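> sequence plus the predicted model coming up.
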Amino acid sequence: MNNNELIPLLTEMAVFVAVAEEQNFTKAAKKLAMATSSVSRSVNRLEQSLNIKLLERTTRQVRLSVAGEEVYQQCKHMLESAKAAIQAAQSTQDVTTGTLSIAAPKAFAKQILSPLVFDFCQLYPGIRVNLNATDRFIHPVSEDVDVIFRLIHQPLEGLIAKTLTHSALVMCASPAYLEGAGIPTHPHELIHHQCITLGEEAADDHWTLSKAQQKITIKIHQRFASNHSEIRKDAALRNMGITIFPDFAAQQEIQSGALIQVLPDWHISGNYQGQVILQYAQSRFIPNQIRAFVDYMVTVFGDLHPEKRNK
């Protein structure tokens, strides 16, 4: 196959990689911002041009054939080489421009990250920013995202990591609720209280707290549940009970006295706490917009939380 025959297939190869990784035509189409029918036709054209069956199709998903696995690896390498070429060009530009894609947990994106991103956009008007607020795990390489933020205890291997600060879970309630129901002095007393939970799974109505050598799990009374921290905070401010947040989600309310921390000497087990880590893919050439954003975030968080960074 000569270059004239190969060039029209480059787009089909990129589409094929997306289908192989998503294992679904519809999901691949959404990822590529294409119609599902167009994605299907692209893969069919590639199979016809190569005279080989690349995918095994079922009603629910698709998977690579034996031959398709080898073709996928080569096509994926082609895309990575193309990205590396673009990054090499961008890394040599004096003016910081381009598109920057960021993903972060919802509460962190809303309450901490978005104001900093707004400031960054004003500082670098030539950069177009896409901020994806999601609690779903996103890998920057497979999902074509430049920078991810995660609240975890260990960074993902194979990616460059910058620890920005730390976050812990805090238990809070409004002064009015605690005045009427009393302030718990021990985890066992939580069974007598109305509680606001995450509500994502059955175990969310079991709260585990530890202190020194003690570790206690309590089945609490769930008055209200929501998987959105802003809604849980509104419920707490409406005197509906005790709830748990990442500390950054309730920092302003605790400082103002609108919420009071409960059992502050106890450690709360759960997700959405740990190191706040920024990560991005390793490369010989880091595009200027990524380098500028990473440097900005490291500087800003260092100024905001000098006592928490790199502990």
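Received the coordinates, thanks. Numbering: from 1, shown residues only.
> identify the residues contacting the residue nearest to residue 19 when sequence neighbours are not counted.
Once flanking residues are discounted, residue 19 sits nearest to residue 28: 4.3 Å by Cβ to Cβ, 6 or more residues apart in numbering. (C-beta placed from N, C-alpha, C; glycine too.) Shown in contact with residue 28 (Cβ atoms under 8 Å, 6 or more residues apart in numbering): 15, 18, 19, 21, 22, 39.
> does residue 28 fall in a helix, a strand, or a coil region?
helix (DSSP: H, G, I helix; E, B strand; the rest coil).
> which residues in this structure form helices?
Applying DSSP state H to the chain gives helices spanning 3-6, 9-22, 25-32, 36-50, 66-91, 106-108, 114-123, 175-181, 229-237, 247-256, 288-304.
> I'd like to know which of the ones you listed is closest to residue 262.
helix 175-181 (7.5 Å; Cβ to Cβ).
> show me what that closest one is packed against.
Applying 3 or more Cβ pairs under 8 Å, 6 or more residues apart in numbering; DSSP states H and E, we find helix 175-181 packed against strand 260-262.
> quick one: residue 21 from residue 78, how far?
Going from residue 21 to residue 78 by Cβ to Cβ, to the nearest Å gives 14 Å.
> check this structure and tell me which residue is nearest its centre.
residue 104 (3.7 Å; Cα atoms, centre = their mean).
> which residue, neighbours along the chain excluded, lies closest to that residue?
In space, not counting the residues next to it along the chain, residue 104 is nearest to residue 149; the distance is 3.9 Å by Cβ to Cβ, 6+ apart.
> now do residue 225
residue 199 (2.7 Å).
> report the separation between the one you found and residue 244.
Plainly put, residue 199 is 12 Å away from residue 244 if you go by Cβ to Cβ.
> for residue 285, same thing?
43 Å.
> residue 29 too?
38 Å.
> ok, those two, which is more surrounded?
More crowded of residue 29 and residue 244, by other Cβ atoms under 10 Å: residue 244, with 24 against 21.
> what's near enough to touch residue 187?
207, 209, 216, 218, 263, 266.
> select only the buried ones of those in PyMOL?
With 16 or more other Cβ atoms under 10 Å as the criterion, this PyMOL line picks the buried residues out of the contacts of residue 187:
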select buried, resi 207+209+218+263+266
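> pLDDT and distance to residue 171 added to the contacts of residue 187, as JSON lines?
Listed next are the contacts of residue 187 as JSON lines, based on pLDDT from 0 to 100; distance: Cβ to Cβ, whole Å:
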{"residue": "207", "pLDDT": "95", "distance to residue 171": "8"}
{"residue": "209", "pLDDT": "95", "distance to residue 171": "8"}
{"residue": "216", "pLDDT": "95", "distance to residue 171": "13"}
{"residue": "218", "pLDDT": "94", "distance to residue 171": "11"}
{"residue": "263", "pLDDT": "96", "distance to residue 171": "6"}
{"residue": "266", "pLDDT": "95", "distance to residue 171": "8"}
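> of the contacts of residue 187, closest to residue 49?
Using Cβ to Cβ, these come closest to residue 49 at residue 207, 58.1 Å.
> just checking, the closest one touches residue 190?
Yes: Residue 207 lies in contact with residue 190 (Cβ atoms under 8 Å); the separation is 6.6 Å.
> common neighbours of those two, please.
By Cβ under 8 Å, 6+ apart, the residues touching both residue 207 and residue 190 are 218, 220.
> low pLDDT regions in the stretch 201-311 of the chain?
Scanning the stretch 201-311 of the chain for pLDDT under 70 picks out the ranges 303-311.
> and the closest residue to residue 297 other than its chain neighbours, what are its bridge partners?
Nearest non-adjacent residue to residue 297, counting by Cβ to Cβ, 6+ apart: residue 278, 5.8 Å away. Assessed by DSSP bridges, residue 278 has beta-bridge partners residue 149, residue 162.
> might one say that residue 278 is in contact with residue 159?
No: here residue 278 does not reach residue 159: they are 9.8 Å apart, not a contact under Cβ under 8 Å.
> these two: which is more packed in?
residue 278 (23 against 16).
> let me see the contact set for the more buried one.
Residues near residue 278 by Cβ under 8 Å, 6+ apart: 147, 148, 149, 161, 162, 164, 294, 297, 298.
> ok, of these, which one's closest to residue 82?
Distances from residue 82 to the contacts of residue 278, taken by Cβ to Cβ, are shortest for residue 147, at 19.8 Å.
> neighbours around that closest one, how many?
Counted with other Cβ under 10 Å, the neighbours of residue 147 add up to 22.
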